[in-house]
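Chemist: Structure here, sequence nowhere to be found:
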């Protein structure tokens, strides 16, 4: 009898030995015969759960959520995909975060659960591809077990809410079948998933599985974990990532009651950004946080700047302007359709504008932290991460332990936004634990979070268009300058542009002569992935510019958009996939209908729109604003999304509303600046996330039903269009065109 | 398992064993229980809650009350726990997010309303929003949008519109019954 079913070349569905009366089904990543899941992962406790589905004899269903939940709702949506295929009763389902699944494959890691990444929009599509089969197999086995008990063929039975029902009405609960089901030989091929007409949970609304624990304060984030003997570590970082510690006196700090040690740290030369310490640092380790913080205050440190000590964000912007104004060849020519220069000669109309966007920080709610316990042959790490496999790699490199000697636990994460794809804080905690020979709980203060980040680079976009006599866009010339987020991350120079813009972004493929050039800015200020990149900055520039084109022709911007998008059709994209202009037109129409766009010119308030496409998903915003003196009031925000099939409408609405508010907050208020290489923003008064009063009272979310298409992740989909729709609305209300973010500062300057 | 047997405690008349004197400290009530803090009087309430009592529902998110994630009720009013040294808290009554629900586990209406509206992003700042909402609804049982606008909390996940709905749901008495 076969104990596994091949899903793909390296992935297998398997029934696991889970104890008497228990059915345990999982996915194994391995070659066909070697290395089954280790026994520890098959245990009967929550902590040792290694598979995806566990049904015990009481009918309790435990489903594992493999991807970190940073607030994206995957701890709810992923298990619901499995539970629906299983026909489980959602009320009897408990969800556990799986932590990192890793086994030893001749010294190399083998990832038990395959991909484990949160907050990048990829969780749902990946789950759709493989997790359904886990639920379907468990259900198939339960049906076979029931068929034997009933003496009725399995295909005459049906499942409903944790029960198998025979044609004559006899019922058997999953709990009573679990033990038998675990002994049934597997089919040769994975049982087919359900047909969509039979979905019960997929597409129906569900609140967050952790909601009750969260509102009662019981949910433990990584920052809330303790070991009795762990030391609390707080740090002071060098203001310059490439600086050095010139002189120091630790004596007063060490004299503080409760302080155990003071240790200095340095980035390891040659390690890529995000895998080692972010800047030289001095750590105070103490018995509790308050003692550590008092010791930190008593540190006497003098830092010496490195080359970055001469950097200023304002100067960098001037360099960008100079690059874009000159005749210098671009660092990368990202796309070149037709002949933009030739089209320019035939133009009846032309327009050019430049857009300026600031550096940004992540400002996660839960600051960077990590708890580490090192033993001779084992390391335990509790860490808020979006990418546990990358956290594992940092621990492995610094400890030299074997793949399965490293345990990475990932409790619910207090916001990621891309910051936790990097693991400098894991490196810090491990380095400190090695020195003090005790477990360490590392905690960053808010100031460190803002002053020592892998920022999003500021950018300048220079856009030019040409139009023929029939008002058709015939030429589009986009030039962008920014400091790539991929520098010092092992990416070849000719791919550095990929973090900054996309070759397929609007209006690529819609304009016959289209050119997109990227100019690299050099900066030693660290940069890294950030939620919404690269769409956020590009959508603001492009969709503001389209609005400016409309205004220059005294035209309704909706008409301008419609002429640009043209007849509904599918256009092939250079990176694969298609741009379905019908779906883009549809979301645009939905938001304009909802907000009452017909009145756009006659309303006292200002109305603005924008649309965008991201990885096969489509989004549009319509925003209405009013000026009350110098106060900008966002009266309405409407957002329509088309993400294919929807797994959890409640979760999707939350993501879309949340991303809209986040993007508005960024656009209104936020900028990181640096002078002499030092970040000028130290706390949330300097980096003021929008208050409730600044934000709209509601976000009206419209979801396009598209059950014929596979689901697409939506964690940042609603970000790119919020800022341009806002700026376009502000233009209608004030006649002031804001081409520089953050918007409030620029608006008040121009008014 | 072997039955537990009572161990006889040796009683001597020898007075070499002296009971430790009751230590001086700061007496206060937290979630209905009495506590005495005998450590540094300057320790902020936040670290007392988190490090000493391991009541970790109240979160650190910055100094000086920056996100509202560290809000607690002190004698019924929402206050940032990191700004309150223990020295100021003698004889005060503190309620943290862990103390909002009834002793039998029944949720506070504001907690239930947050579940009803799914007013949760990553959830890290949620305890602070709950405390601020309880405080607001106590002062203004039927708050206007302008009243709700005054909440001091910040959230990058964008839960604000759902929090607003949750507060209005409580005010309208439309919280679902368990």
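Modeler: Thanks, I have it. Predicted model only: the values in this text are computed from it and were never measured. Residues are numbered from 1 along each chain as shown, chains lettered A, B, ... in the order given.

Chemist: okay, CA-based contacts and neighbour counts for the rest of this
Modeler: Will do.

Chemist: how many other residues sit next to the nearest residue to residue A:413 once chain neighbours are set aside?
Modeler: Among residues not flanking residue A:413 along the chain, residue A:70 sits closest, at 4.5 Å (C-alpha to C-alpha, 6 or more residues apart in numbering or on different chains). Per other C-alpha atoms under 10 Å in any protein chain shown, the neighbour tally for residue A:70 reads 28.

Chemist: need the contact list for residue A:70.
Modeler: A:118-119, A:386, A:412-416, B:122 (C-alpha atoms under 8 Å, 6 or more residues apart in numbering or on different chains).

Chemist: Okay, helices next: where are they in the stretch 201-350 of chain A?
Modeler: In the stretch 201-350 of chain A, the helices defined using DSSP state H, counting those that start in this stretch lie at A:211-215, A:251-254, A:289-297, A:313-325, A:340-345.

Chemist: Just the residues contacting the third one, thanks.
Modeler: Defining contact as C-alpha under 8 Å, 6+ apart, one finds that helix A:289-297 is touched by A:232-236, A:252-259, A:283-286, B:43-44, B:47, B:51.

Chemist: Quick one: buried ones out of those?
Modeler: Buried by 16 or more other C-alpha atoms under 10 Å in any protein chain shown: A:232-236, A:253-254, A:256, A:258-259, A:283-286, B:43-44, B:47, B:51, out of the contacts of helix A:289-297.

Chemist: still on that earlier bit, pipe the helices of the stretch 201-350 of chain A into TSV and attach mean pLDDT and distance to residue A:475 per row.
Modeler: Conversion of these to TSV gives the following (pLDDT from 0 to 100; distance: least, C-alpha to C-alpha, whole Å):
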stretch	mean pLDDT	distance to residue A:475
helix A:211-215	96	51
helix A:251-254	98	64
helix A:289-297	98	58
helix A:313-325	97	18
helix A:340-345	94	5
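
Chemist: List just the one of those helices that sits closest to residue A:521.
Modeler: Closest of the helices of the stretch 201-350 of chain A to residue A:521 is helix A:313-325, at 6.9 Å (criterion: C-alpha to C-alpha).

Chemist: Report all helices and strands that the closest one contacts.
Modeler: Secondary-structure packing of helix A:313-325 (3 or more C-alpha pairs under 8 Å, 6 or more residues apart in numbering or on different chains; DSSP states H and E): strand A:459-467, strand A:473-482, strand A:513-520.

Chemist: and of the ones you listed, who's closest to chain B?
Modeler: Of all the helices and strands packed on helix A:313-325, strand A:459-467 sits nearest to chain B, with 22.3 Å by C-alpha to the nearest C-alpha.

Chemist: and the angle for the closest one with helix A:313-325?
Modeler: Here the directions of strand A:459-467 and helix A:313-325 differ by 30 degrees (axes from the mean of the first three to the mean of the last three C-alpha atoms, to 10 degrees).

Chemist: so how far is strand A:459-467 from its chain's centroid?
Modeler: Centroid separation between strand A:459-467 and its chain, computed with C-alpha atoms, centre = their mean, to the nearest Å, is 29 Å.

Chemist: any residues touching that strand, and which ones?
Modeler: Here strand A:459-467 makes contact (C-alpha under 8 Å, 6+ apart) with A:317, A:320-321, A:324, A:343-344, A:347-359, A:473-483, A:537-538, A:541-542, A:545.

Chemist: Same question for stretch A:193-207.
Modeler: Residues external to stretch A:193-207 that are found in contact with it (C-alpha under 8 Å, 6+ apart): A:76, A:80-81, A:83-85, A:87, A:132-133, A:136, A:645-651, B:115-116, B:118.

Chemist: Kindly report the same for stretch A:649-663.
Modeler: By C-alpha under 8 Å, 6+ apart, stretch A:649-663 touches A:72-73, A:77, A:203-208, A:639, A:646, A:695, A:699-701, A:714-720, A:722-723, B:118, B:121, B:156-159, B:161.

Chemist: Likewise for stretch A:255-270?
Modeler: Contacts with stretch A:255-270, where a contact means C-alpha under 8 Å, 6+ apart, come from A:250, A:253-254, A:276-288, A:291-292, A:294-295, A:428, A:431-432, A:436.

Chemist: what about the longest helix seen in chain A, near chain B?
Modeler: If you go by DSSP state H, chain A has its longest helix at helix A:123-150. No - using C-alpha under 8 Å from any C-alpha of the partner chain, helix A:123-150 stays clear of chain B, coming no nearer than 16.0 Å.

Chemist: Which one of the residues in the stretch 151-300 of chain A is closest to chain B?
Modeler: The stretch 151-300 of chain A approaches chain B most closely through residue A:217 (4.1 Å), counting by C-alpha to the nearest C-alpha.

Chemist: quick one on the thing from earlier: make a markdown table out of the helices and strands packed on helix A:313-325 and add mean pLDDT and distance to residue A:743.
Modeler: Formatted as a markdown table, those follow (pLDDT from 0 to 100; distance: least, C-alpha to C-alpha, whole Å):
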| stretch | mean pLDDT | distance to residue A:743 |
| --- | --- | --- |
| strand A:459-467 | 97 | 15 |
| strand A:473-482 | 97 | 19 |
| strand A:513-520 | 98 | 24 |
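
Chemist: closest one to residue A:156 among these?
Modeler: With C-alpha to C-alpha as the criterion, residue A:156 lies closest to strand A:513-520 of those, at 59.1 Å.

Chemist: ok now the helix or strand just after that closest one, how far from the chain's centre?
Modeler: Once strand A:513-520 ends, the next helix or strand along the chain (criterion: DSSP states H and E) is helix A:535-552. Mean-position distance between helix A:535-552 and its chain equals 24 Å (C-alpha atoms, centre = their mean).

Chemist: quick one on the thing from earlier: in helices only, show me the contacts of stretch A:193-207.
Modeler: Using DSSP H, the contacts of stretch A:193-207 in helices are A:76, A:80-81, A:83-85, A:132-133, A:136, A:649-651, B:115-116.

Chemist: domains for the chain, by residue range?
Modeler: Using chain A. A:12-208, A:222-306+A:368-443, A:490-509+A:524-750 (automatic domain parsing).

Chemist: look at chain B instead
Modeler: If you go by automatic domain parsing, chain B breaks into B:26-98, B:109-171.

Chemist: ranking the ones you listed by burial, who's on top?
Modeler: Highest mean neighbour count of the domains of chain B: domain B:109-171, a mean of 23 (counted as mean count of other C-alpha atoms under 10 Å in any protein chain shown).

Chemist: a strand runs through residue B:154, doesn't it?
Modeler: No - Residue B:154 is assigned coil when assessed by DSSP: H, G, I helix; E, B strand; the rest coil, not a strand.

Chemist: Would you mind listing the residues in contact with it?
Modeler: When contacts are counted by C-alpha under 8 Å, 6+ apart, residue B:154 is found next to A:689-692, B:66-68, B:125.

Chemist: circling back: export the helices of the stretch 201-350 of chain A as a markdown table, with columns for distance to residue A:591.
Modeler: Shown next, in a markdown table, are the helices of the stretch 201-350 of chain A (distance: least, C-alpha to C-alpha, whole Å):
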| stretch | distance to residue A:591 |
| --- | --- |
| helix A:211-215 | 31 |
| helix A:251-254 | 59 |
| helix A:289-297 | 49 |
| helix A:313-325 | 35 |
| helix A:340-345 | 33 |
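
Chemist: Contact partners for residue A:303?
Modeler: When contacts are counted by C-alpha under 8 Å, 6+ apart, residue A:303 is found next to A:238-239, A:243-247.
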